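Undergrad: when you get a sec, could you give me coordinates for this:
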Amino acid sequence: MTISRRLFFASGAVTLGSVTSLGSVVRAAGHPSSKTTNRSKTHSGYGELVKDPKDLLDLPKGFQYRTLSIEKDLMTSGGIVPSAHDGMAAFSAGPGKTFLVRNHELKNDDIIEDGLAEVAQAPGTVYDLEVQAGGTTTLLIDNQSRGLIEDRVSLSGTLDNCAGGATPWQT
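TA: Model (predicted):
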C-alpha cells in the first residue's frame, strides 16, 4: 500500500522540520510579505497564525493538528517517550494501519547535561551497548480514528539519527 501525503498527514504525522512541505506551509503563513503599511503586516500564503490554546503549535485558521505522543509521556510498551523528535517515515502496517518510525537525535551529553529523556535500551533493539542516548520509536496508528494504537522503542544505542525517513527501497 502506498501512503499518500494526504494520508500521512491525516494519520496525525505532523512534525515541523521533518516534513518539508508542512514546514513550508507554516513558514509561508507566518512570514509577512515585503509590503507593510502603517505597521500593519500583510500576510501571504495561508493567512496569519492563530494562537494555539494548548500552546503547542500555532497554525493558520482552518488548520488542525493531532498529538500522538509527547516527550516524557508513558509509552504503551512501558518506559517514557524519548526527547528530540526528529525525522520520520510512514509505512503500511496492513489494512487500516500505519507505522510511523520516528528518530530521536540524541547524544550522551544531551542526557547528562540537559536532562533529556533517552531512548531506553529495549531487548532486541540495541545497536551499541555503550551508547545510552538515541534511537527510534515506532508508533502504530489507526488510519480510521487517526489515533495511537501503540508505541515502542524500535532501535536504541545509536547517535545522530539525523533527519531519517524512508530509503528509496522503502526501508
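Undergrad: quick check: the closest residue to residue 47 other than its chain neighbours vs residue 92, distance?
TA: Distances taken as Cβ to Cβ, 6 or more residues apart in numbering put residue 60 closest to residue 47, at 4.6 Å, once the chain neighbours are dropped. (C-beta placed from N, C-alpha, C; glycine too.) The gap separating residue 60 from residue 92 is 30 Å, by Cβ to Cβ, to the nearest Å.
Undergrad: can you check residue 150 too?
TA: 16 Å.
Undergrad: and residue 128, by the same measure?
TA: 29 Å.
Undergrad: quick one: mean pLDDT for the longest strand belonging to the chain?
TA: Identified as the longest strand of the chain according to DSSP state E is strand 147-158. Mean pLDDT, computed over strand 147-158, is 94.
Undergrad: the residue nearest to residue 47 and residue 146: what is the separation?
TA: From residue 60 to residue 146 the distance is 20 Å (Cβ to Cβ).
Undergrad: same check, this time on residue 108
TA: Counting by Cβ to Cβ - residue 108 and residue 146 are separated by 35 Å.
Undergrad: for residue 53, same thing?
TA: For residue 53, the distance to residue 146 - Cβ to Cβ - is 20 Å.
Undergrad: tell me which of these two has more neighbours.
TA: More crowded of residue 53 and residue 146, by other Cβ atoms under 10 Å: residue 146, with 15 against 6.
Undergrad: what does that one show for phi and psi?
TA: phi 60, psi 30 (degrees, to the nearest 10).
Undergrad: wait, it sits on residue 67?
TA: No: between residue 146 and residue 67 there is no contact under Cβ atoms under 8 Å: 11.1 Å.
Undergrad: residue 74: what's it in contact with?
TA: The contact partners of residue 74, by Cβ atoms under 8 Å, 6 or more residues apart in numbering, come to 80-81.
Undergrad: now the strands: where do they sit in the protein?
TA: Using DSSP E, strands in the chain cover 32-37, 40-43, 49-50, 59-60, 85-92, 97-104, 134-142, 147-158.
Undergrad: dump those to CSV, plus mean neighbour count and distance to residue 71.
TA: Formatted as CSV, those follow (neighbours: other Cβ atoms under 10 Å; distance: least, Cβ to Cβ, whole Å):
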stretch, mean neighbour count, distance to residue 71
strand 32-37, 9, 31
strand 40-43, 11, 31
strand 49-50, 14, 23
strand 59-60, 19, 20
strand 85-92, 19, 7
strand 97-104, 22, 9
strand 134-142, 23, 11
strand 147-158, 18, 12
